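> Got a sequence here, can you model it:
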Amino acid sequence: MKTPGKLIIFICTFLALATNAHAQSPREQLKQMVQQLQKTPNDNSLREKIIKIAVTLKPAPEISEEARRSFIIGEALFKQAKNLRPAYEAANAFWTATTLAPWWSNAYWNLAVAQQLAGQYVSAKESLRLYLLTNPSAVDRRTAQDRLYAIDADIIAAASSVTGGIAGFWQRGSIKDTTGGWVNEYPDTVRAPVYEIQQTGSAYSIKCVTCEPEEKQTYLDSADMNAIHFRTQASTYNFKTGCKLSGVQLSCISTFNDGARQEERYLKRGICEIVGGPGIQGYFVLCK
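Alright, predicted model coming up:
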(Lines give C-alpha, C1' and ligand atoms only; values in the text may rest on other atoms or scores of the structure.)
Protein backbone atom coordinates (compact mmCIF):
# COMPACT_ATOMS: atom_id res chain seq x y z
CA MET A 1 0.00 0.00 0.00
CA LYS A 2 1.34 3.48 -0.89
CA THR A 3 2.00 5.86 1.98
CA PRO A 4 0.24 9.29 1.79
CA GLY A 5 3.57 10.97 0.94
CA LYS A 6 4.37 8.59 -1.89
CA LEU A 7 0.79 8.83 -3.17
CA ILE A 8 1.02 12.62 -3.38
CA ILE A 9 4.32 12.37 -5.27
CA PHE A 10 2.79 9.86 -7.68
CA ILE A 11 -0.25 12.08 -8.34
CA CYS A 12 1.90 15.16 -8.88
CA THR A 13 4.19 13.31 -11.30
CA PHE A 14 1.21 11.99 -13.26
CA LEU A 15 -0.38 15.44 -13.48
CA ALA A 16 2.92 16.97 -14.60
CA LEU A 17 3.29 14.41 -17.40
CA ALA A 18 -0.31 14.87 -18.47
CA THR A 19 0.09 18.66 -18.49
CA ASN A 20 3.32 18.39 -20.50
CA ALA A 21 1.68 16.09 -23.08
CA HIS A 22 -1.30 18.44 -23.32
CA ALA A 23 0.98 21.46 -23.72
CA GLN A 24 2.98 19.85 -26.54
CA SER A 25 2.93 22.11 -29.58
CA PRO A 26 1.76 20.91 -33.02
CA ARG A 27 5.34 21.15 -34.32
CA GLU A 28 6.58 18.97 -31.47
CA GLN A 29 3.80 16.46 -32.20
CA LEU A 30 4.75 16.53 -35.87
CA LYS A 31 8.40 15.87 -35.07
CA GLN A 32 7.56 12.86 -32.89
CA MET A 33 5.15 11.43 -35.48
CA VAL A 34 7.73 11.76 -38.26
CA GLN A 35 10.24 9.94 -36.09
CA GLN A 36 7.68 7.17 -35.61
CA LEU A 37 7.07 7.01 -39.37
CA GLN A 38 10.77 6.28 -39.94
CA LYS A 39 10.18 3.03 -38.03
CA THR A 40 6.87 2.20 -39.77
CA PRO A 41 7.05 3.82 -43.24
CA ASN A 42 4.12 1.76 -44.56
CA ASP A 43 1.74 3.19 -41.97
CA ASN A 44 -0.39 5.39 -44.22
CA SER A 45 -2.81 6.21 -41.41
CA LEU A 46 0.13 7.83 -39.60
CA ARG A 47 1.04 9.68 -42.81
CA GLU A 48 -2.50 11.05 -42.93
CA LYS A 49 -2.24 12.35 -39.37
CA ILE A 50 1.10 13.99 -40.13
CA ILE A 51 -0.28 15.68 -43.25
CA LYS A 52 -3.35 16.96 -41.38
CA ILE A 53 -1.13 18.60 -38.76
CA ALA A 54 1.39 19.93 -41.29
CA VAL A 55 -1.21 21.73 -43.44
CA THR A 56 -2.28 23.78 -40.40
CA LEU A 57 1.22 25.07 -39.65
CA LYS A 58 2.31 28.54 -40.78
CA PRO A 59 4.99 28.68 -41.96
CA ALA A 60 5.01 25.18 -43.40
CA PRO A 61 7.50 22.68 -41.96
CA GLU A 62 10.94 22.82 -43.52
CA ILE A 63 12.07 20.17 -45.97
CA SER A 64 15.27 18.54 -44.70
CA GLU A 65 18.36 18.40 -46.88
CA GLU A 66 18.21 14.60 -46.80
CA ALA A 67 14.63 14.60 -48.11
CA ARG A 68 15.55 17.08 -50.83
CA ARG A 69 18.51 14.92 -51.84
CA SER A 70 16.25 11.88 -52.32
CA PHE A 71 13.80 14.00 -54.30
CA ILE A 72 16.48 15.27 -56.70
CA ILE A 73 17.86 11.74 -57.13
CA GLY A 74 14.34 10.57 -57.98
CA GLU A 75 13.96 13.31 -60.59
CA ALA A 76 17.28 12.41 -62.21
CA LEU A 77 16.42 8.71 -62.30
CA PHE A 78 12.95 9.37 -63.69
CA LYS A 79 14.36 11.34 -66.62
CA GLN A 80 16.18 8.14 -67.64
CA ALA A 81 13.16 5.89 -67.08
CA LYS A 82 12.56 4.21 -70.42
CA ASN A 83 11.62 0.89 -68.80
CA LEU A 84 10.51 -0.51 -65.47
CA ARG A 85 13.75 -0.57 -63.51
CA PRO A 86 14.66 3.17 -63.60
CA ALA A 87 11.01 4.02 -62.90
CA TYR A 88 11.05 1.66 -59.93
CA GLU A 89 14.30 3.16 -58.62
CA ALA A 90 12.91 6.68 -59.06
CA ALA A 91 9.79 5.67 -57.15
CA ASN A 92 11.97 4.33 -54.33
CA ALA A 93 13.80 7.67 -54.13
CA PHE A 94 10.55 9.65 -54.05
CA TRP A 95 9.21 7.21 -51.43
CA THR A 96 12.21 8.02 -49.24
CA ALA A 97 11.53 11.73 -49.69
CA THR A 98 7.89 11.30 -48.59
CA THR A 99 9.03 9.33 -45.54
CA LEU A 100 11.50 12.02 -44.51
CA ALA A 101 9.05 14.84 -45.26
CA PRO A 102 5.59 13.18 -45.18
CA TRP A 103 3.71 16.44 -45.87
CA TRP A 104 5.62 17.24 -49.10
CA SER A 105 3.01 17.39 -51.85
CA ASN A 106 5.48 17.49 -54.78
CA ALA A 107 7.15 14.32 -53.53
CA TYR A 108 3.83 12.47 -53.42
CA TRP A 109 2.96 13.70 -56.91
CA ASN A 110 6.28 12.56 -58.38
CA LEU A 111 6.02 9.27 -56.49
CA ALA A 112 2.63 8.60 -58.06
CA VAL A 113 3.90 9.40 -61.57
CA ALA A 114 6.92 7.09 -61.17
CA GLN A 115 4.77 4.30 -59.72
CA GLN A 116 2.36 4.62 -62.63
CA LEU A 117 5.18 4.22 -65.16
CA ALA A 118 6.51 1.23 -63.21
CA GLY A 119 3.10 -0.43 -63.37
CA GLN A 120 2.49 -0.09 -59.61
CA TYR A 121 -1.00 1.20 -60.21
CA VAL A 122 -2.52 0.51 -56.80
CA SER A 123 0.38 2.25 -55.05
CA ALA A 124 0.17 5.17 -57.49
CA LYS A 125 -3.49 5.71 -56.61
CA GLU A 126 -2.66 5.63 -52.89
CA SER A 127 0.13 8.17 -53.39
CA LEU A 128 -2.29 10.48 -55.20
CA ARG A 129 -4.79 10.07 -52.37
CA LEU A 130 -2.13 11.27 -49.92
CA TYR A 131 -1.19 14.07 -52.31
CA LEU A 132 -4.78 15.31 -52.27
CA LEU A 133 -4.64 15.49 -48.47
CA THR A 134 -1.78 18.03 -48.70
CA ASN A 135 -4.33 20.67 -49.72
CA PRO A 136 -3.18 21.42 -53.29
CA SER A 137 -4.74 24.24 -55.30
CA ALA A 138 -8.04 23.67 -57.08
CA VAL A 139 -6.19 23.38 -60.42
CA ASP A 140 -3.72 20.83 -59.04
CA ARG A 141 -6.54 18.91 -57.36
CA ARG A 142 -8.32 18.67 -60.71
CA THR A 143 -5.11 17.46 -62.38
CA ALA A 144 -4.63 14.80 -59.69
CA GLN A 145 -8.18 13.55 -60.04
CA ASP A 146 -7.76 13.30 -63.81
CA ARG A 147 -4.54 11.30 -63.32
CA LEU A 148 -6.47 8.89 -61.09
CA TYR A 149 -8.83 8.32 -64.01
CA ALA A 150 -5.82 7.81 -66.30
CA ILE A 151 -4.43 5.16 -63.93
CA ASP A 152 -7.77 3.36 -64.06
CA ALA A 153 -7.43 3.38 -67.84
CA ASP A 154 -3.90 1.94 -67.52
CA ILE A 155 -5.27 -0.88 -65.38
CA ILE A 156 -7.92 -1.68 -67.99
CA ALA A 157 -5.39 -1.48 -70.83
CA ALA A 158 -2.89 -3.70 -68.99
CA ALA A 159 -5.55 -6.36 -68.47
CA SER A 160 -6.81 -6.23 -72.05
CA SER A 161 -3.33 -6.29 -73.60
CA VAL A 162 -2.44 -9.66 -72.07
CA THR A 163 -2.60 -12.33 -74.76
CA GLY A 164 -4.41 -15.58 -74.14
CA GLY A 165 -2.86 -19.00 -73.83
CA ILE A 166 -0.47 -20.58 -71.41
CA ALA A 167 2.72 -19.00 -72.79
CA GLY A 168 3.85 -15.80 -71.06
CA PHE A 169 4.65 -14.44 -67.61
CA TRP A 170 2.73 -15.67 -64.59
CA GLN A 171 2.86 -13.88 -61.24
CA ARG A 172 1.35 -15.34 -58.08
CA GLY A 173 -1.79 -13.42 -57.21
CA SER A 174 -3.14 -15.38 -54.24
CA ILE A 175 -2.38 -18.35 -52.02
CA LYS A 176 -4.65 -20.56 -49.91
CA ASP A 177 -3.90 -20.34 -46.19
CA THR A 178 -4.22 -23.00 -43.49
CA THR A 179 -7.87 -22.11 -42.86
CA GLY A 180 -8.80 -22.76 -46.49
CA GLY A 181 -9.25 -19.08 -47.35
CA TRP A 182 -7.50 -17.26 -50.16
CA VAL A 183 -4.96 -14.56 -49.29
CA ASN A 184 -4.25 -12.06 -52.05
CA GLU A 185 -0.72 -10.95 -52.78
CA TYR A 186 -0.23 -7.19 -52.58
CA PRO A 187 -0.82 -6.12 -56.22
CA ASP A 188 2.45 -4.22 -56.51
CA THR A 189 4.72 -6.64 -54.71
CA VAL A 190 8.15 -7.24 -56.22
CA ARG A 191 8.63 -10.47 -54.27
CA ALA A 192 5.75 -12.60 -55.55
CA PRO A 193 6.95 -15.72 -57.45
CA VAL A 194 6.99 -15.32 -61.23
CA TYR A 195 7.29 -18.07 -63.85
CA GLU A 196 7.84 -17.60 -67.57
CA ILE A 197 6.34 -20.21 -69.88
CA GLN A 198 7.68 -20.16 -73.43
CA GLN A 199 6.19 -21.83 -76.48
CA THR A 200 8.11 -22.79 -79.61
CA GLY A 201 5.82 -24.48 -82.10
CA SER A 202 4.11 -27.22 -80.11
CA ALA A 203 6.91 -27.42 -77.51
CA TYR A 204 6.85 -25.65 -74.13
CA SER A 205 9.48 -24.68 -71.56
CA ILE A 206 9.29 -23.09 -68.13
CA LYS A 207 11.71 -21.16 -65.93
CA CYS A 208 11.35 -19.55 -62.55
CA VAL A 209 12.12 -15.84 -62.89
CA THR A 210 12.16 -15.14 -59.15
CA CYS A 211 13.28 -18.41 -57.62
CA GLU A 212 14.64 -18.21 -54.10
CA PRO A 213 18.40 -18.85 -53.95
CA GLU A 214 18.05 -22.43 -52.71
CA GLU A 215 15.67 -23.43 -55.53
CA LYS A 216 18.15 -24.81 -58.03
CA GLN A 217 16.13 -25.76 -61.09
CA THR A 218 12.64 -26.05 -62.57
CA TYR A 219 11.99 -29.05 -64.82
CA LEU A 220 9.06 -29.36 -67.21
CA ASP A 221 7.16 -32.65 -67.06
CA SER A 222 4.37 -31.94 -69.55
CA ALA A 223 2.39 -29.06 -70.98
CA ASP A 224 -0.28 -28.28 -73.51
CA MET A 225 -2.39 -25.20 -74.31
CA ASN A 226 -4.54 -25.64 -71.17
CA ALA A 227 -2.28 -27.12 -68.48
CA ILE A 228 1.30 -27.48 -67.31
CA HIS A 229 3.10 -29.84 -64.90
CA PHE A 230 6.61 -29.19 -63.60
CA ARG A 231 9.04 -30.03 -60.78
CA THR A 232 11.22 -27.73 -58.71
CA GLN A 233 14.41 -29.03 -57.14
CA ALA A 234 15.89 -27.17 -54.17
CA SER A 235 18.83 -27.85 -51.89
CA THR A 236 16.70 -29.15 -49.00
CA TYR A 237 13.31 -29.92 -50.58
CA ASN A 238 11.51 -30.44 -53.84
CA PHE A 239 7.93 -30.24 -55.07
CA LYS A 240 5.75 -31.07 -58.03
CA THR A 241 3.27 -28.54 -59.41
CA GLY A 242 0.26 -29.00 -61.64
CA CYS A 243 -1.57 -25.99 -63.11
CA LYS A 244 -4.75 -25.61 -65.14
CA LEU A 245 -5.47 -22.59 -67.31
CA SER A 246 -8.65 -20.55 -66.90
CA GLY A 247 -8.63 -17.33 -68.92
CA VAL A 248 -5.77 -15.21 -67.55
CA GLN A 249 -5.39 -17.29 -64.39
CA LEU A 250 -3.48 -20.46 -63.61
CA SER A 251 -4.82 -22.56 -60.73
CA CYS A 252 -1.93 -24.56 -59.30
CA ILE A 253 -1.41 -27.23 -56.65
CA SER A 254 2.11 -28.00 -55.43
CA THR A 255 2.94 -31.23 -53.56
CA PHE A 256 6.14 -31.23 -51.50
CA ASN A 257 8.36 -34.22 -50.80
CA ASP A 258 7.02 -34.38 -47.22
CA GLY A 259 3.45 -34.67 -48.49
CA ALA A 260 2.41 -31.08 -47.77
CA ARG A 261 0.23 -29.38 -50.38
CA GLN A 262 -0.06 -25.74 -51.37
CA GLU A 263 -2.68 -24.16 -53.61
CA GLU A 264 -1.89 -20.97 -55.53
CA ARG A 265 -3.37 -18.80 -58.24
CA TYR A 266 -1.17 -17.08 -60.80
CA LEU A 267 -2.19 -14.10 -62.94
CA LYS A 268 -1.07 -13.48 -66.52
CA ARG A 269 1.20 -10.45 -66.98
CA GLY A 270 2.21 -8.64 -70.17
CA ILE A 271 5.71 -7.57 -69.08
CA CYS A 272 7.99 -8.65 -66.24
CA GLU A 273 11.43 -7.24 -65.56
CA ILE A 274 13.97 -8.15 -62.87
CA VAL A 275 14.83 -5.05 -60.86
CA GLY A 276 17.02 -6.54 -58.13
CA GLY A 277 19.51 -9.33 -57.60
CA PRO A 278 19.17 -12.46 -55.47
CA GLY A 279 18.70 -12.13 -51.75
CA ILE A 280 17.06 -14.00 -48.91
CA GLN A 281 13.74 -13.82 -50.75
CA GLY A 282 15.19 -14.28 -54.24
CA TYR A 283 15.13 -11.88 -57.18
CA PHE A 284 12.93 -8.78 -57.22
CA VAL A 285 10.73 -8.46 -60.29
CA LEU A 286 8.19 -5.94 -61.52
CA CYS A 287 5.28 -7.00 -63.69
CA LYS A 288 2.51 -5.13 -65.44
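
> which residue ranges form the helices in the stretch 1-150 of the chain?
Counting by DSSP state H, counting those that start in this stretch, the segments of the stretch 1-150 of the chain that form helices are 4-23, 26-39, 44-54, 65-79, 84-100, 105-117, 121-133, 138-160.

> Tell me which of those helices sits nearest to Thr189.
Closest approach to Thr189 among those (Cβ to Cβ): helix 121-133, 10.1 Å. No exception for glycine: its C-beta is placed from N, CA and C like everyone else's.

> Show me which residues of the closest one are buried.
By 16 or more other Cβ atoms under 10 Å, the buried positions in helix 121-133 come out as 121, 123-128, 130-133.

> Which of those residues sits closest to Ser64?
For the buried residues of helix 121-133, the closest approach to Ser64 (Cβ to Cβ) belongs to Leu130, at 18.5 Å.

> Skipping adjacent residues, who's closest to that closest one in space?
Closest residue to Leu130 apart from its sequence neighbours, by Cβ to Cβ, 6 or more residues apart in numbering: Tyr108 at 5.1 Å.

> okay, the buried residues of helix 121-133 in CSV with pLDDT next?
Listed next are the buried residues of helix 121-133 as CSV, based on pLDDT from 0 to 100:
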residue, pLDDT
Tyr121, 94
Ser123, 94
Ala124, 96
Lys125, 97
Glu126, 96
Ser127, 97
Leu128, 98
Leu130, 98
Tyr131, 98
Leu132, 98
Leu133, 97
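
> Let me see the contact set for the nearest residue to Asn106 once chain neighbours are set aside.
Excluding the flanking residues, the one nearest Asn106 by Cβ to Cβ, 6+ apart is Phe71, at 7.4 Å. By Cβ atoms under 8 Å, 6 or more residues apart in numbering, Phe71 lies in contact with 93-94, 97, 104, 106-107, 110.

> can you list the weak-confidence ranges in this protein?
Applying pLDDT under 70 to the chain picks out residues 1-23, 213, 215-216, 280-281.

> now stretch 198-212, how far from the chain's geometric center?
Centroid separation for stretch 198-212 versus its chain: 26 Å, with Cα atoms, centre = their mean, to the nearest Å.
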